[in-house]
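1. next one to model:
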Amino acid sequence: MDLDSVCPDLNALTRTLAKLVYEDLINDERLSNIQPQFERSLNAFYLSAETETSTQTVFIPLPHSKDIDFGLIKELQQKLENSIICAAIVDNTGNILYYQIKEGFNLDK
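-> Numbers count the residues shown, from 1 in each chain. Presented below is the predicted three-dimensional model:
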C-alpha cells in the first residue's frame, strides 16, 4: 500500500491506523482491490475495497481514543452514496472493531 502517492501529508497516527486496518483487510478473502483513498474536499482518508458482489466498501480508520466525527461520515455517505461505509476503530492493542454505518442516523439527539 503506497500512502505517499495518495496523501503524502497524512499524519503519523492516521498512517499507522491505515496500515493496521489494511493488514487486517487483506486477510479477508471476501474483499479485493483494497486501495487507500483521500477525499480532498473533506480532508478525509479511507480505504476502499470491493466485495464478492462488486459492491464498494469504504473503511475509515479511527482511533478509539477520539470522538467519531459523524458529520464527516455523513458527508462521506453523501459523496460515496453507492458505497457501504464502515468505521474501523483501532484500540491501543491493535484490535479493530468494524461498524457498518447506514444512512439515516440522527445527529440531533
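2. and the strands in the chain?
-> Using DSSP state E, the strands assigned to the chain run over residues 32-39, 44-50, 56-63, 84-90, 96-101.
3. quick one: which of the ones you listed is nearest T14?
-> Minimum separation from T14 across those (CB to CB) falls at strand 44-50, 5.5 Å. Glycine gets a C-beta too; all of them are placed from N, C-alpha and C.
4. picking up where we left off before, would you turn the strands of the chain into CSV with distance to D9, mean neighbour count and mean pLDDT?
-> Output for the strands of the chain, formatted as CSV (distance: least, CB to CB, whole Å; neighbours: other CB atoms under 10 Å; pLDDT from 0 to 100):
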stretch, distance to D9, mean neighbour count, mean pLDDT
strand 32-39, 9, 15, 91
strand 44-50, 10, 20, 92
strand 56-63, 16, 20, 94
strand 84-90, 20, 20, 93
strand 96-101, 24, 14, 92
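5. so which of those gets nearest F70?
-> Across the strands of the chain, F70 has its closest neighbour in strand 96-101 (8.4 Å, CB to CB).
6. what strands line up against the closest one, and which way round?
-> Looking at strand 96-101 with DSSP bridges, its partner strands are strand 84-90 (antiparallel).
7. tilt between the partner strand and strand 56-63?
-> 20 degrees (axes from the mean of the first three to the mean of the last three CA atoms, to 10 degrees).
8. cheers, nothing more for now.
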